[in-house]
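everything below, folded, please.
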Amino acid sequence: MERCGWVGADALYEAYHDHEWGVPEYDSRALWEKLILDGFQAGLSWITILRKRENFREAFQGFDPHVIAGWGEAEITRLLANPGIIRHRGKIEATIGNARAWQAIEAEQGFDRYLWDHVGGRPLQTRWQTLAEVPAQTDLSIKISKDLKRRGFKFCGPTIVYAFMQAVGMVNDHLVTCPCHERVARLG
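From the prediction side, this is the model:
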């Protein structure tokens, strides 16, 4: 058995695939961080984000949405000058707005519960044989994307949301030929 074909031979990517991708995540703040990083990834490769992830965590105060929700132009200017992250004004501004939207959902029902309720609290299990079978988006990712946008989120289109769902284990999209498939399925 071999890893999912998207991994390649990069050690950082291998570690991410083997230990993080697809593992169910239930922490509200960690879920929000991952959704934000998936938004920053739009138009780029995920390995770019992985290589900058620690810089992002430092620049965004550990991705504490309560801190980020209070940010304004001074913090945007500081972040735009930081070469360790993706310096995209729209994505930075969206992160601040998304922190405020996260706070509303967190206060209402918990961001973790809000997300996991979409899949009945348990990861969806797929049995893909090849990467060509894996969709870029699904009816469910479209639904979640629309609802997140209605609640004020940005940079959360259906493709970003589906990549997020895969990464945080809401759906187990490890190929059945991957040694992680069954291990992750047991976690669900």
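
residue ranges for the helices of this structure, please.
According to DSSP state H, the chain carries its helices in the segments 11-19, 28-41, 46-59, 65-68, 73-80, 89-108, 111-117, 139-150, 158-167, 179-187.

counting by contacts, list what the fifth one packs against.
Contacts of helix 73-80 with other secondary structure elements, assessed using 3 or more C-beta pairs under 8 Å, 6 or more residues apart in numbering; DSSP states H and E, are made with helix 89-108. Glycine gets a C-beta too; all of them are placed from N, C-alpha and C.

verify the stated contact: residue 5 with residue 131.
Yes: judged on C-beta atoms under 8 Å, residue 5 makes contact with residue 131 at a distance of 5.0 Å.

what is in contact with the two at once?
Common neighbours of residue 5 and residue 131, using C-beta atoms under 8 Å, 6 or more residues apart in numbering, are residue 175.

rewinding a little: save the helices of the chain as CSV, and put in distance to residue 173 and mean neighbour count too.
What follows is those, written out as CSV (distance: least, C-beta to C-beta, whole Å; neighbours: other C-beta atoms under 10 Å):
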stretch, distance to residue 173, mean neighbour count
helix 11-19, 11, 14
helix 28-41, 14, 21
helix 46-59, 14, 15
helix 65-68, 27, 18
helix 73-80, 32, 13
helix 89-108, 24, 18
helix 111-117, 16, 19
helix 139-150, 12, 17
helix 158-167, 5, 22
helix 179-187, 9, 15
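
so which of the ones you listed is nearest residue 125?
Using C-beta to C-beta as the measure, helix 179-187 is the one of these that comes nearest residue 125, at 5.7 Å.

CA atoms of the closest one as PDB?
Extracted as PDB, the C-alpha positions of helix 179-187 are listed here (Å, rounded to 0.1, in the frame of the first residue of the first chain):
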ATOM      1  CA  PRO A 179      -2.400   2.900   4.700                       C
ATOM      2  CA  CYS A 180      -4.100   5.900   6.400                       C
ATOM      3  CA  HIS A 181      -7.500   5.000   5.100                       C
ATOM      4  CA  GLU A 182      -8.400   2.300   7.600                       C
ATOM      5  CA  ARG A 183      -6.600   4.000  10.500                       C
ATOM      6  CA  VAL A 184      -8.600   7.200  10.000                       C
ATOM      7  CA  ALA A 185     -11.800   5.300   9.400                       C
ATOM      8  CA  ARG A 186     -11.400   3.800  12.900                       C
ATOM      9  CA  LEU A 187     -11.100   7.200  14.400                       C
END
